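Visitor: Got a predicted structure plus its sequence, pasted below:
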Number of protein chains: 2
Amino acid sequence: MESLYVIKIGGNIIDDEKKLASFLKEFASVKSNKILVHGGGKLATKLADTLGIKQELIDGRRITDAETLKIVTMVYAGYINKNIVAQLQSHGCNAIGLSGADAKIIIAHKRVHPTIDYGFVGDVDSLNAERFTQFIDAGLTPIIAPITSDENGQLLNTNADTIAQEAAKAMSKIYDVQLIYSFEKSGVLLDANDDTTVISSIDKTYYATLKEEKKIFAGMIPKIDNAFAALNSGVKKVIIGKAEELKYLIENKSGTAIVN
Amino acid sequence: MESLYVIKIGGNIIDDEKKLASFLKEFASVKSNKILVHGGGKLATKLADTLGIKQELIDGRRITDAETLKIVTMVYAGYINKNIVAQLQSHGCNAIGLSGADAKIIIAHKRVHPTIDYGFVGDVDSLNAERFTQFIDAGLTPIIAPITSDENGQLLNTNADTIAQEAAKAMSKIYDVQLIYSFEKSGVLLDANDDTTVISSIDKTYYATLKEEKKIFAGMIPKIDNAFAALNSGVKKVIIGKAEELKYLIENKSGTAIVN
């Protein structure tokens, strides 16, 4: 099997023009097949604030009413996605920006929850690995915005970490997939405030211990849970680390490897 | 050669949820190969107003400063494009939304003008007909937003009529192309206020007469000029007419045909 990197870029890198530019330059230079999934950053929240649209978060998930959906669609699938694509093109990477609705690459449904109405938030049902492969074979690099749609044409705000995980899982049928979660921290840290305390490798036993001792930063738990789920579904390797060190993450010289 | 329709949807249809939905349903049912190019509507201007960003127009062209570029990228390539794509998907049309930067389908440059600085406005250099054909052969229907980029990764606000014309011209190498400009009016009218005065056919001689007699509505002139330019570059037919009558435009039962 050929190798493929599914790379998630998130956190405040998206909001930092310089760091994003430097990441994209490195991303463009990655020789292997690759897919980029980007998060939203704080621009959508800022725009909502300016427009006087009140934002509500539950468990780190934005409650997406109709007005908020409009904003995240504009910001994620429009502004951020097209800026990333245009920058990658200038570095010789033939990027193609996609939401889940485009070419029906992702089918999602509106989240059903017993007590919370998340609004227009989508959970992923399936991802069309054959279509992605077709794009990759045609020399294109898919850049996915965290906006999907359901079968009725309803756009849905969707967690980028989950899309990256689902993409990695689906593509594992066709490629040897490595999933990289890149963000502003150097990896999973023993001390959230000390970037030198990166844990180089976490397996399930160690993860249980870390959680028991409450040494894992709460925001990291869904990422690591996703990572183990991905490994259980055929993904070869999951790495969590600093966006600006993408080259070293790929070379296994930086970040935290999540292993089975 | 196979036939291909390049269809431009613009004017206030974009701003009218019901009319747009009805157009998209008809568009989805067009059996031939097809490409949709959409304009921006008034949402970008409204958003700019709300955000207190002053808009300036010269000859119907928006002067695009950095803040306005951000807005049109969000609205055109994000909100409008993805809503169109998701709706088409719900009608069984496998749409793929693209800006000019995506898959490098359009190369543009920042407009150079001796006296006016249009800001981040793009003029089209070339369009990748082979890439469009690849998408069409893969069962996809390209939906193009009027945002392009230059070789340096700079996004540019670009006239949708021009993109439609350039697309029709470029695709004429590979397909028998019919170019349809669809909007809120029934075609080219002798009396701008009377929808029953549609001119069914205009050739160059008649066009010269109409212009001389000032019977052509000023906003229509660039459209008709574009139409003749397209015919001179291999496009088989250009039709101007009402978006809601797309089926009849295609069947030659409605609208204005521009002929050489």
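Guide: Yep, it's here. Predicted model only: the values in this text are computed from it and were never measured.

Visitor: how many other residues sit next to the residue in chain A that chain B sits nearest to?
Guide: In chain A, the residue that lies nearest chain B is residue A:78 (2.0 Å; C-beta to the nearest C-beta). Where you see a C-beta, it was placed from the backbone N, CA and C, and this is true even at glycine. Neighbour count of residue A:78, defined by other C-beta atoms under 10 Å in any protein chain shown: 31.

Visitor: What residue, apart from its backbone neighbours, is nearest it spatially?
Guide: Take residue A:78 and drop its neighbours on the chain: the residue closest to it by C-beta to C-beta, 6 or more residues apart in numbering or on different chains is residue B:78, 2.0 Å away.

Visitor: tell me the SS of the one you found?
Guide: Classification of residue B:78 by DSSP: H, G, I helix; E, B strand; the rest coil places it in helix.

Visitor: what sits against the residue nearest to residue A:2 when sequence neighbours are not counted?
Guide: Spatial nearest neighbour of residue A:2, chain neighbours left out: residue A:175 (5.5 Å); criterion: C-beta to C-beta, 6+ apart. Taking C-beta atoms under 8 Å, 6 or more residues apart in numbering or on different chains, we find residue A:175 in contact with A:1, A:2, A:3, A:4, A:33, A:133.

Visitor: residues in contact with the first one?
Guide: When you say that, I think you mean residue A:1. A:174, A:175, A:176.

Visitor: got it, and the last one?
Guide: The contact partners of residue A:133, taken as C-beta under 8 Å, 6+ apart, are A:171, A:174, A:175.

Visitor: A strand includes the second one, no?
Guide: No: the assignment for residue A:174 (three-state DSSP) gives coil, which keeps it out of a strand.

Visitor: correct me, but it touches residue A:131?
Guide: No: with contact defined as C-beta atoms under 8 Å, residue A:174 does not reach residue A:131; the gap is 11.2 Å.

Visitor: Neighbour count: these two, which is higher?
Guide: Using other C-beta under 10 Å as the criterion, residue A:174 and residue A:131 rank with residue A:131 on top: 21 against 16.

Visitor: Confirm the more buried one sits in a helix?
Guide: Yes: per three-state DSSP, residue A:131 lies within a helix segment.

Visitor: per-residue confidence for it?
Guide: Residue-level confidence at residue A:131 comes out at 98, pLDDT.

Visitor: which residue ranges form the strands in the stretch 151-260 of chain A?
Guide: Along the stretch 151-260 of chain A, counting by DSSP state E, counting those that start in this stretch, strands occupy A:155-157, A:176-183, A:201-202, A:237-242, A:256-258.

Visitor: From the contact counts, what lies against the longest one?
Guide: Right, the one you point to is strand A:176-183. Helices and strands touching strand A:176-183, by 3 or more C-beta pairs under 8 Å, 6 or more residues apart in numbering or on different chains; DSSP states H and E, are strand A:3-9, helix A:160-171, helix A:221-232, strand A:237-242, helix A:246-250.

Visitor: Same question for the last one.
Guide: Strand A:256-258 makes packing contacts with strand A:201-202, helix A:221-232, strand A:237-242 when contacts are defined by 3+ C-beta pairs under 8 Å, 6+ apart.

Visitor: Turn these into TSV, including mean neighbour count, distance to residue B:160 and mean pLDDT.
Guide: Shown next, in TSV, are the helices and strands packed on strand A:256-258 (neighbours: other C-beta atoms under 10 Å in any protein chain shown; distance: least, C-beta to C-beta, whole Å; pLDDT from 0 to 100):
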stretch	mean neighbour count	distance to residue B:160	mean pLDDT
strand A:201-202	17	51	96
helix A:221-232	19	40	90
strand A:237-242	24	41	96
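
Visitor: Assign a three-state SS to residue A:25, would you?
Guide: Residue A:25 - assigned by three-state DSSP - is helix.

Visitor: Burial check on it, number of neighbours?
Guide: 15.

Visitor: What is the burial count for the closest residue to it other than its chain neighbours?
Guide: In this structure, residue A:25 finds its nearest non-sequential neighbour in residue A:91, 5.7 Å apart by C-beta to C-beta, 6+ apart. Other residues lying near residue A:91 total 15 when counted by other C-beta under 10 Å.

Visitor: Do I have it right that residue A:91 meets residue A:26?
Guide: No: assessed by C-beta under 8 Å, residue A:91 is found out of contact with residue A:26, at 9.4 Å.

Visitor: got the contacts of residue A:1 as CSV, with pLDDT columns?
Guide: Formatted as CSV, the contacts of residue A:1 follow (pLDDT from 0 to 100):
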residue, pLDDT
A:174, 97
A:175, 98
A:176, 97
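
Visitor: Name the residues of stretch A:82-93 that are buried.
Guide: Residues A:82, A:83, A:84, A:85, A:86, A:87, A:88, A:89, A:90, A:93 are the ones in stretch A:82-93 that count as buried (16 or more other C-beta atoms under 10 Å in any protein chain shown).

Visitor: Confirm for me that the fifth one is in contact with residue B:102.
Guide: No: under the criterion of C-beta under 8 Å, residue A:86 makes no contact with residue B:102, lying 9.1 Å away.

Visitor: circling back to that earlier point, now for the residue nearest to residue A:78: which residues touch it?
Guide: By C-beta under 8 Å, 6+ apart, residue B:78 lies in contact with A:73, A:74, A:75, A:76, A:77, A:78, A:79, A:81, A:82.
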